[in-house]
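# build me a structure from this.
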Amino acid sequence: MRHRRKTLKLGRKSEHRDALLSNLTISLIEHSRIKTTLAKAKAVRPYAEKLVTLGKKGELHHRRQAAAKLNDKSAVKKLFSDIAPRFRERAGGYTRILKLGQRKSDASEMALLEWVDFDLSAQPTTETQPEASQEEAIPKTPAKDDVVEVEAIKEEKKDSK
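I've put the predicted structure just below:
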């Protein structure tokens, strides 16, 4: 019987699933917000929240348990020094899932997984240029000045020959 067996399998074997959950949790700890599929976000949520609970307890044994789950010293350090103290007064529910809609390529339901106290204005901003849409990819007709310059260059080349 499957009583109290709540683990979402995600179509993976246990070792692969454990590595996936660990890596997603490390990314959540490092970046405070991750974009993933809804199913993965729902699977990572209890995994990450249990680690925050270990971080709130803060003893050496709990640090070692978290290190065994995460396999990343810097993530464990950040979890225990930065993230867990922020939730000291909170009884649970440290993460939120925001649905984003479907991904274009395969129509997978996408979601943002972030800490409840995540503040977009406090995060360092990385200015990235948006990807070119199909309309921007089409070359535009040159301006009249550009045409005149190109013709002048062609005439110079003919004169030099």
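# beta-bridge partners for the residue nearest to the spatial centre of the chain, please?
Nearest to the geometric centre of the chain sits Ile34, at 2.5 Å (CA atoms, centre = their mean). Using DSSP bridges, the bridge partners assigned to Ile34 are Leu113.
# what about it, distance to Lys77?
Distance, Ile34 to Lys77, using CB to CB, to the nearest Å: 19 Å. For every residue, glycine as well, the C-beta is placed using N, CA and C.
# need the pLDDT of the residue nearest to the centre of the chain.
Per-residue confidence for Ile34 comes out at a pLDDT of 96.
# now do Asn23
For Asn23, the predicted pLDDT is 97.
# counting contacts, what elements does the helix or strand where it lies pack onto?
Element membership for Asn23, per DSSP states H and E: helix 14-31. Packing contacts for helix 14-31, counted by 3 or more CB pairs under 8 Å, 6 or more residues apart in numbering; DSSP states H and E, involve strand 33-37, helix 38-57, helix 60-70, helix 73-78, strand 109-115.
# and the ones you listed: which comes nearest Arg4?
Nearest of those to Arg4, taken as CB to CB: helix 38-57 at 12.9 Å.
# would you indicate which residues of the closest one are buried?
Buried positions in helix 38-57, judged by neighbour count with 16 or more other CB atoms under 10 Å: 38, 40-41, 43-45, 47-49, 51-56.
# against Asp117, how distant is Arg33?
Arg33 is 11 Å from Asp117, by CB to CB.
# a markdown table for the helices and strands packed on helix 14-31, including distance to Ser14?
Output for the helices and strands packed on helix 14-31, formatted as a markdown table (distance: least, CB to CB, whole Å):
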| stretch | distance to Ser14 |
| --- | --- |
| strand 33-37 | 19 |
| helix 38-57 | 13 |
| helix 60-70 | 14 |
| helix 73-78 | 21 |
| strand 109-115 | 22 |
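# just for the protein, where's the confidence low?
121-152, 154, 157-158, 160-161 (pLDDT under 70).
# could you redo the last one with a cut-off of 90?
Residues of the chain that meet the criterion pLDDT under 90 lie in 1-2, 4-8, 117-161.
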